[in-house]
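**Q** coordinates only, sequence not included:
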């Protein structure tokens, strides 16, 4: 498992089967988000420059990549945290299941490489706070 990010427990769910797992979540500060966005913009605009050499297709590729660059960079800049990856056991077949990187939006789905069964990946449920014993009941 990778060493970046913070370990976070998760639950892998298939039907009524629930199995624990772990993912690594990383939060990015503003300078890091800006750097990630700049890299995304540079890659897409670099592809636009290279696609000038492709006959006929460059009529669509160049403008498409030039427009997609700032949009993709903006979306990458807005992402404050992300799941870097993780692993757990497949709830269906029990084999080790690799969890790929995802935006930090829960729940998400991952497919087991062994049995091809999809698993829903959620954060563990947090128990609701217990009611206070001295809370007024409205009766006198």
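**A** Yes, it's here. Source: prediction; values computed, not measured.

**Q** each with direction, which strands does the one helix or strand in the chain whose mean pLDDT sits lowest pair with?
**A** The least trusted helix or strand in the chain, going by mean pLDDT, DSSP states H and E, turns out to be strand 102-103, with a mean of 87. With DSSP bridges as the test, strand 102-103 is paired with strand 81-89 (antiparallel).

**Q** next secondary structure after the strand it pairs with?
**A** Toward the C-terminus, strand 81-89 is succeeded by strand 96-99 as the next helix or strand (DSSP states H and E).

**Q** the longest strand along the chain - contacts with which helices or strands?
**A** The residue-count maximum for a strand in the chain (DSSP state E) belongs to strand 17-27. Counting contacts by 3 or more Cβ pairs under 8 Å, 6 or more residues apart in numbering; DSSP states H and E, strand 17-27 is packed against strand 6-14, strand 81-89, strand 96-99. Where C-beta positions appear, they are placed from N, C-alpha and C, glycine not excepted.

**Q** out of those, which gets nearest to residue 31?
**A** Of all those, the one in closest proximity to residue 31, counting by Cβ to Cβ, is strand 81-89 (15.0 Å).

**Q** who's in contact with the most centrally placed residue in the chain?
**A** Nearest to the mean C-alpha position of the chain, by Cα atoms, centre = their mean, lies residue 102 at 1.7 Å. Each residue near residue 102 by Cβ atoms under 8 Å, 6 or more residues apart in numbering is listed here: 82-83, 108.
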